[in-house]
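In: A predicted structure for the sequence below; I have some questions about it.
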Amino acid sequence: MLSRTVLETPAGIRRSAMDLLARREHSYSELLRKLRQRGAVTADAEVELDRLVEDGLLSDERFCEAYVYSRSQRGYGPAKLREELRQRGVAEALVEQTLSGDEWDWTGLARKVFKKRFPEGEAAEPLERAKQLRFMQYRGFSRFEAD
């Protein structure tokens, strides 16, 4: 872990932020929170993060697209992703823009997830059907997308 004195300088804050970005994309809010946890002063961290945005090294849009791609490949739907991105501090408009993009086939993904978890198909009994619907809702798919 970095010592507190390293994160007291702009260069130290930038270096720490770039180390985190080298591992994976982060949202602005997420990176700010991590820097503050490591001892950076909020105002100094914001200045350095703004510079990273200007340099094109930090992008909420790029983070959002990478996050949606990664989590959708694991079988998570738009409702779950919307909530997870909101928790990571991504702007609502950006989340909606990303999730409504043409590259995402949420209905097809819902069918694939449903078939993988329930190869026997849709249950006839109400209790089993309710269990299936709860699973799909937990995964972030609405009732209608799972049909």
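Out: Noted; the coordinates are in hand.

In: domain parsing for the protein?
Out: Domain segmentation of the chain under automatic domain parsing yields 6-58, 61-99, 106-146.

In: can you list the ones you listed in CSV and add mean neighbour count and mean pLDDT?
Out: Glycine gets a C-beta too; all of them are placed from N, C-alpha and C. Shown next, in CSV, are these (neighbours: other C-beta atoms under 10 Å; pLDDT from 0 to 100):
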stretch, mean neighbour count, mean pLDDT
domain 6-58, 16, 94
domain 61-99, 17, 96
domain 106-146, 14, 89
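
In: how about residues contacting stretch 112-126?
Out: For stretch 112-126, contacts defined as C-beta atoms under 8 Å, 6 or more residues apart in numbering pick out 75, 77, 129, 131, 132, 135, 136, 139, 141, 146, 147.

In: show me how far it is from its chain's centre.
Out: Put simply, stretch 112-126 sits 27 Å off its chain's centre (C-alpha atoms, centre = their mean, to the nearest Å).

In: for it, C-alpha coordinates in PDB please.
Out: C-alpha atoms of stretch 112-126 as PDB (Å, rounded to 0.1, in the frame of the first residue of the first chain):
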ATOM      1  CA  LYS A 112     -29.800 -17.700 -23.300                       C
ATOM      2  CA  VAL A 113     -29.600 -17.200 -19.500                       C
ATOM      3  CA  PHE A 114     -33.000 -18.700 -18.900                       C
ATOM      4  CA  LYS A 115     -32.200 -21.800 -21.100                       C
ATOM      5  CA  LYS A 116     -28.900 -22.300 -19.300                       C
ATOM      6  CA  ARG A 117     -30.400 -22.200 -15.800                       C
ATOM      7  CA  PHE A 118     -33.600 -24.000 -16.700                       C
ATOM      8  CA  PRO A 119     -32.900 -26.400 -19.600                       C
ATOM      9  CA  GLU A 120     -36.300 -28.100 -18.900                       C
ATOM     10  CA  GLY A 121     -38.000 -24.900 -20.100                       C
ATOM     11  CA  GLU A 122     -40.800 -22.800 -18.500                       C
ATOM     12  CA  ALA A 123     -42.400 -24.400 -15.400                       C
ATOM     13  CA  ALA A 124     -46.000 -25.300 -15.400                       C
ATOM     14  CA  GLU A 125     -46.500 -25.100 -11.700                       C
ATOM     15  CA  PRO A 126     -47.000 -21.600 -10.300                       C
END
